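Asks: Fold the following, please.
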Amino acid sequence: MREPTLREIDARTFRRMLNALLDVYIAAMNPPRSQLPGRQAIMQRHADHPRFRAFVVERRRTLGSTIVGFIYGFHGSSGQWWHDVVESELSARSGHEHAEHWLGDAYEVAELHVHPDYQGMGLGRRLLTTLCTDRPESTVVLSTLDRRPETPAHRLYRSVGFVDLLSSFEFPGGGPPYAVMGAPLPLVRVPLAGSSKP
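Replies: Down below sits the predicted model:
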């Protein structure tokens with residue numbers, strides 16, 4: 001099997017690939033089908049946000065390629081739903097100055113998913129570190145399911161410097177509890193397995 005390859009896509013290509021990206025999201029997250037039209041609409045809107053950037057991991061085949069993972073993000077700012085909800089809660093729990101430190105100049109990782117057949121290969125880490133390389137922002141933030149024991153995603157984020165900003169947080173509209181996490185940029189560099197290099 002050929003090793004999956006990573007490439008950057010622009011906003012136009014991202015929108016064109018949305019169905020394939022949603023297939024990876026469905027395989028990784030197993031969401032209720034009723035949520036998918038809303039998720040697709042949200043992702044389309046995200047592509048218009050400032051400093052939008054996206055990467056996909058593809059498995060090359062003789063007749064084309066299949067997307068097996070993706071990530072995207074953008075500069076977080078007031079007026080964006082996630083940013084405003086998190087800023088309000090973080091200010092209420094820890095104070096405005098704390099919220100401003102993490103969200104005042106933040107890059108938001110909106111989605112990171114790898115198909116279950118390709119998890120455990122380091123693709124999530126590769127996507128995350130590539131997206132966050134050479135960012136002009138001072139911090140990077142995201143939300144992930146808050147489960148015990150911790151998910152592999154949660155452990156990945158911790159390994160590159162993320163800390164919990166909010167735990168057991170329920171976004172408006174219902175759903176499972178999330179952890180909101182943040183890390184200073186640049187991310188902590190982690191050696192590849194079996195390597196002594198930093």
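Asks: just checking, Leu22 touches Gly38?
Replies: No - if you go by CB atoms under 8 Å, Leu22 and Gly38 don't touch, sitting 11.4 Å apart. No exception for glycine: its C-beta is placed from N, CA and C like everyone else's.
Asks: ok, which stretches of this structure are strands?
Replies: 5-9, 53-61, 64-75, 106-114, 139-145, 163-169, 178-184 (DSSP state E).
Asks: For Thr151, find the nearest of those.
Replies: Ranking the strands of the chain by proximity to Thr151 (CB to CB) places strand 139-145 first, at 6.0 Å.
Asks: partners of the closest one in the sheet?
Replies: Pairing partners of strand 139-145, with direction, according to DSSP bridges: strand 106-114 (parallel), strand 178-184 (antiparallel).
Asks: coming back round to it: got the strands of the chain as CSV, with mean neighbour count columns?
Replies: Formatted as CSV, the strands of the chain follow (neighbours: other CB atoms under 10 Å):
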stretch, mean neighbour count
strand 5-9, 13
strand 53-61, 19
strand 64-75, 20
strand 106-114, 23
strand 139-145, 21
strand 163-169, 16
strand 178-184, 22
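Asks: Which one of those strands lies nearest to His154?
Replies: Among the strands of the chain, if distance is taken as CB to CB, the winner is strand 139-145, at 5.6 Å.
Asks: Give me the angle between that closest one and strand 64-75.
Replies: Orientation note: strand 139-145 sits at an angle of 120 degrees relative to strand 64-75 (axes from the mean of the first three to the mean of the last three CA atoms, to 10 degrees).
Asks: who touches strand 139-145?
Replies: 73, 76, 82, 86, 101-103, 105-110, 112, 132, 151, 153-154, 157, 162, 165, 169, 171, 176-185, 187 (CB atoms under 8 Å, 6 or more residues apart in numbering).
Asks: let's see it at 7 Å
Replies: The contact list for strand 139-145, computed with CB atoms under 7 Å, 6 or more residues apart in numbering, reads 76, 102-103, 105-109, 132, 151, 153-154, 157, 176, 178-185.
Asks: And Leu112, what's its pLDDT?
Replies: On pLDDT, Leu112 comes in at 98.
Asks: quick one: the closest residue to it other than its chain neighbours from Gly79, how far?
Replies: Once flanking residues are discounted, Leu112 sits nearest to Ile71: 4.4 Å by CB to CB, 6 or more residues apart in numbering. Look at Ile71 and Gly79: by CB to CB, to the nearest Å, they are 23 Å apart.
Asks: Flag the shaky bits of this protein, pLDDT-wise.
Replies: 1, 190-198 (pLDDT under 70).
Asks: can you pull the contacts of Arg33?
Replies: Arg33 touches nothing, counting by CB under 7 Å, 6+ apart.
Asks: now swap in Arg93 and tell me
Replies: By CB under 7 Å, 6+ apart, the neighbours of Arg93 are Leu166.
Asks: ditto for the one 10 residues further on
Replies: The neighbours of Leu103, taking CB under 7 Å, 6+ apart as the test, are 76, 83, 86-87, 141.
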